[in-house]
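[1] Give me a model of this one.
(chains A, B, C and D)
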2 protein chains.
Amino acid sequence: MSFERTLKKSEYDVQAIPLEGIAVARYQAGLRTEARIVDATRSLLAEGGLEAATLKAICEEAGVKAGSFYNLFDSKEEVVIRVVRESIDAVDPDPGGAGTDTVDDLVAAFIRFFVEQPEMAKVYVIAAVNTETSDNGARRRFLRHHLRRVERFADAMMRQDRSLTSDTATMRAEILLGALDGLAFRWTIDSTFEFEKFALEAASRLS
Amino acid sequence: MSFERTLKKSEYDVQAIPLEGIAVARYQAGLRTEARIVDATRSLLAEGGLEAATLKAICEEAGVKAGSFYNLFDSKEEVVIRVVRESIDAVDPDPGGAGTDTVDDLVAAFIRFFVEQPEMAKVYVIAAVNTETSDNGARRRFLRHHLRRVERFADAMMRQDRSLTSDTATMRAEILLGALDGLAFRWTIDSTFEFEKFALEAASRLS
DNA sequence: TCGTAATTTGAGTATACCCTCAACTTTGAG
DNA sequence: CTCAAAGTTGAGGGTATACTCAAATTACGA
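    Numbers count the residues shown, from 1 in each chain, chains lettered A, B, ... in the order given. Modelled structure (predicted):
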């Protein structure tokens, strides 16, 4: 077992940024292929979830052979996580992190992610649950993402109510996010569940 | 595609109960084997989750060959679901359904399931999420189980507060269960999360 | 134009899984 | 004791998966 790992092309910024002393020149062809693979993955995930996004399907959709895929990515998981993260970021009410978002904004963004991109949301849930035992790195990424979100919710709560201490705000944020996650999960089991209505009700009771 | 399906031995009550006109006599050997398979599955699930409970592992642990397994069960899923269900029933505060359980009882039972049988709880979550697209029967089973639970929570809430209407009680029950599920999910990602503390806090805010 | 290095190929490896089935052995009621 | 039915065997079918690599091809800076 080695602690080093090969850095893949896709991990470098566009156009040859040196990293750890190693420069990698990117060709246009490679960048385009990378984009096609990411697009193909996004489309497959949005259409049929994780089940549909097999390596074979991704490569066919992207018009690429498996070898090319692995020239650019370390694993299938890598591209899946990247796509899911991009999808979440796409509904962020305050991408710049200016600290101006309200609790309502954040709740609305959460709801929007699940309502507008249900398959992607399910992938997120499944990946988060499945990841636990096996991949430690992925698990930590999910945790970090969650903690950032808790912090933003807590900050928004404190901006709204100056008398809140940081601790109680964090606790309330965890509970509100827990409820939202749970209701979203509820909805993945039964798509007739009125997720939005319940989520808004929960938010009003918990913030 | 056929709408009929073969009934397996394990689906009959012990000792030859006729069902749909077909009687099946059970031998002691078969009953013992069935028990060994269920025990092996429970032990593997509790130890290493779904990942550990492969057919091969189950058969080895039970000291049985694959053919024997399939003489008794239709599929691996069948025995897994049975074990998970039994585990949930094992912490039921009111197994008889006498209608005497309080909200606190139900919350405590929920917490106990996750704290005492974490791996089993994860299996429950994973199975519920994964099941969605593929197996429709399993999905409906999970949904039915959830709805029963909502009903029990709602009933307990109404016993506690006579002024509650059935609708608002149901809504509150859904939200409380959502929060509990979400917090449990949160805890599967990070085992240092103080699940019990947050769950109790959520319960006090939501009931 | 040249040569290095990025990219692509695609057949193949490795592996894991659930499940089947025809032949054989054991059970236990009558 | 008999014998039909229950139970058992275990090799292997079928299918899917993610991933590898040596060799061929292409891009593009110098």
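[2] Every contact and neighbour count from this point should use C-alpha atoms.
    Will do.
[3] just the helices in chain A please.
    Per DSSP state H, chain A has helices spanning A:28-52, A:55-62, A:66-72, A:76-89, A:103-116, A:118-131, A:136-160, A:166-189, A:195-206. These are given in chain order.
[4] and the fourth one, average pLDDT?
    When pLDDT is averaged along helix A:76-89, the result is 92.
[5] contacting residues around that helix?
    The contact list for helix A:76-89 (Cα atoms under 8 Å, 6 or more residues apart in numbering or on different chains) reads A:V38, A:T41, A:R42, A:L55, A:F73, A:P95, A:F113, A:M120, A:V123, A:Y124.
[6] Reformat those as a markdown table; add pLDDT and neighbour count.
    As requested, the contacts of helix A:76-89 are exported to a markdown table (pLDDT from 0 to 100; neighbours: other Cα atoms under 10 Å in any protein chain shown):
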| residue | pLDDT | neighbour count |
| --- | --- | --- |
| A:V38 | 98 | 18 |
| A:T41 | 98 | 29 |
| A:R42 | 97 | 22 |
| A:L55 | 97 | 16 |
| A:F73 | 96 | 19 |
| A:P95 | 87 | 11 |
| A:F113 | 92 | 19 |
| A:M120 | 92 | 27 |
| A:V123 | 87 | 22 |
| A:Y124 | 84 | 20 |
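[7] now, which of those residues sits nearest chain B?
    A:V123 (9.5 Å; Cα to the nearest Cα).
[8] what sits up against the lowest-mean-pLDDT helix or strand in chain A?
    Every helix and strand of chain A was ranked by mean pLDDT, DSSP states H and E. The lowest is helix A:118-131, at a mean of 79. Helix A:118-131 is contacted from outside by A:45-50, A:84, A:87, A:113-114, A:138-139, A:142, A:185, A:188, B:122, B:125-126, B:129-130, B:185, B:188-189, using Cα under 8 Å, 6+ apart.
[9] Of those, grab the buried ones for ChimeraX.
    Of the contacts of helix A:118-131, the buried ones go into a single ChimeraX selection, burial set by 16 or more other Cα atoms under 10 Å in any protein chain shown:
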select /A:45,46,47,49,50,84,87,113,114,138,139,142,185,188 /B:122,125,126,129,130,185,188,189
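[10] so who does A:T41 touch?
    A:A53, A:I58, A:V79, A:V80, A:V83.
[11] which of the residues you listed count as buried?
    Burial by neighbour count, 16+ other Cα under 10 Å: within the contacts of A:T41 this picks out A:A53, A:I58, A:V79, A:V80, A:V83.
[12] Among these, pick out the one closest to B:L31, please.
    Of all those, B:L31 sits closest to A:A53, with 41.9 Å by Cα to Cα.
[13] got the contact list for that closest one?
    If a contact means Cα under 8 Å, 6+ apart, then A:A53 has A:T41, A:L44, A:L45 as its contacts.
[14] quick one: it from A:S43, how far?
    In this view, A:A53 and A:S43 are 9 Å apart by Cα to Cα, to the nearest Å.
[15] what does A:F185 give?
    Distance, A:F185 to A:S43, by Cα to Cα: 22 Å.
[16] Relative to DNA strand C, which residue of chain A is the closest?
    Nearest residue of chain A to DNA strand C, counting by Cα to the nearest atom of the strand: A:G67, 2.8 Å away.
[17] Give me the neighbour count for that residue.
    Neighbourhood size, A:G67 [other Cα atoms under 10 Å in any protein chain shown]: 10.
[18] And the one 5 residues further on, by the same measure?
    The number of residues packed around A:L72, counting by other Cα under 10 Å, is 19.
[19] where does it land on pLDDT?
    Taking A:L72 on its own, its pLDDT is 96.
[20] Please tell me how far it sits from A:E174.
    In terms of Cα to Cα, A:L72 sits 37 Å off from A:E174.
[21] go on, A:D94?
    When A:D94 is compared with A:E174 (using Cα to Cα), they lie 20 Å apart.
[22] Would you mind measuring the gap between the ends of stretch A:48-57?
    11 Å.
[23] Any residue of that stretch touching DNA strand C?
    No - Stretch A:48-57 is not in contact with DNA strand C by Cα under 7 Å from any atom of the strand; minimum separation 8.9 Å.
[24] residues contacting A:T100?
    Taking Cα under 8 Å, 6+ apart, we find A:T100 in contact with A:D94, A:A156.
[25] Which residue ranges make up each domain of chain A?
    Chain A breaks down by automatic domain parsing into domains covering A:9-75, A:90-206.
[26] among those domains, where is the model least confident on average?
    Ranked by mean pLDDT, the domains of chain A bottom out at domain A:9-75, which scores a mean of 85.
[27] Tell me how far the residue nearest the centre of chain A lies from chain B.
    When Cα atoms, centre = their mean is applied to chain A, the residue found nearest the centroid is A:R85 (2.8 Å). Here the distance between A:R85 and chain B works out to 17 Å (Cα to the nearest Cα, to the nearest Å).
[28] ok, now A:I111?
    Distance from A:I111 to chain B, by Cα to the nearest Cα: 14 Å.
[29] On the pLDDT front, check A:R5 for me.
    Reported pLDDT for A:R5: 41.
[30] likewise the one 3 residues further on?
    A:K8 is assigned a pLDDT of 68 by the prediction.
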